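Enquirer: Sequence first, predicted coordinates after that:
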Amino acid sequence: MSVNSGCIGKTYPATSYAVGREKVREYALAVGEVNPLYLDPEAARAAGYDDVVAPPMFAVVYSSQAVMPALFDPEVGIDFARMVHGGQEFRWGPLVVAGDEVSTAVTVKDVAERAGKGFFVFESVSRNQRDETVCVGTWTNIVRGG
């Protein structure tokens, strides 16, 4: 296996995601969340938020579309048929609520070969319309040797 470490530092254009109330509620219900902040606008407003609050892992919804171009970039060279999910880590800032506009940019943080496997690490930085960093994600993908 040969990896292209020359793409480390490459950044992709930011994508924008309009956070909708129904999408937040659908996501919350799909993952078994029962916190009223995620489901009930009145409960969220009573707690001081403008609308329903997105569960923390909703970050995958608003940031994954920004990660896709990096995964499929020929310069990065991931053999998608041999790729396995290596892990995700997130650091959260201010909570995301319905009505937010979240912009996410992705950078190639590391590309390395170890034990015949390719390791590809991407970082996503998501900011809301107030330019607050709402989430920084580290996405690790491993490509098995052929």
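Expert: In hand now; what should we look at? This one's a predicted model, so the numbers in the text were calculated from it and none came from an experiment.
Enquirer: Could you use CA atoms for every contact and neighbour count after this?
Expert: Noted.
Enquirer: got the CA coordinates for the lengthiest strand in the chain in CSV?
Expert: Scanning the chain for the longest strand, with DSSP state E as the assignment, gives strand 101-114. Output in CSV follows, covering the C-alpha atoms of strand 101-114 (Å, rounded to 0.1, in the frame of the first residue of the first chain):
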residue,chain,number,x,y,z
GLU,A,101,-27.1,27.9,10.0
VAL,A,102,-24.0,25.7,10.5
SER,A,103,-21.0,25.9,8.1
THR,A,104,-18.5,23.1,8.2
ALA,A,105,-15.0,23.0,6.6
VAL,A,106,-12.8,19.9,6.5
THR,A,107,-9.0,19.6,6.5
VAL,A,108,-6.8,16.5,5.9
LYS,A,109,-4.9,16.3,9.2
ASP,A,110,-2.9,13.1,8.7
VAL,A,111,-2.2,10.4,6.2
ALA,A,112,0.1,7.6,7.2
GLU,A,113,0.9,4.0,6.5
ARG,A,114,1.3,1.6,9.4
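Enquirer: Enumerate the strands of this structure by residue range, in sequence order.
Expert: Under the criterion DSSP E, the chain contains strands at 11-18, 83-92, 101-114, 117-127, 133-143.
Enquirer: Is there a neighbour count for residue 125? I'd like the number.
Expert: Counted with other CA atoms under 10 Å, residues neighbouring residue 125 total 21.
Enquirer: residues touching residue 62, list them.
Expert: 16-17, 19, 102, 104 (CA atoms under 8 Å, 6 or more residues apart in numbering).
Enquirer: ok, now with 6 Å
Expert: residue 17 (CA atoms under 6 Å, 6 or more residues apart in numbering).
Enquirer: ok, now the one 4 residues further on?
Expert: With CA under 6 Å, 6+ apart as the criterion, the residues that contact residue 66 are residue 15.
Enquirer: circling back to that earlier point, to residue 61, which of the strands of the chain lies closest?
Expert: strand 11-18 (8.8 Å; CA to CA).
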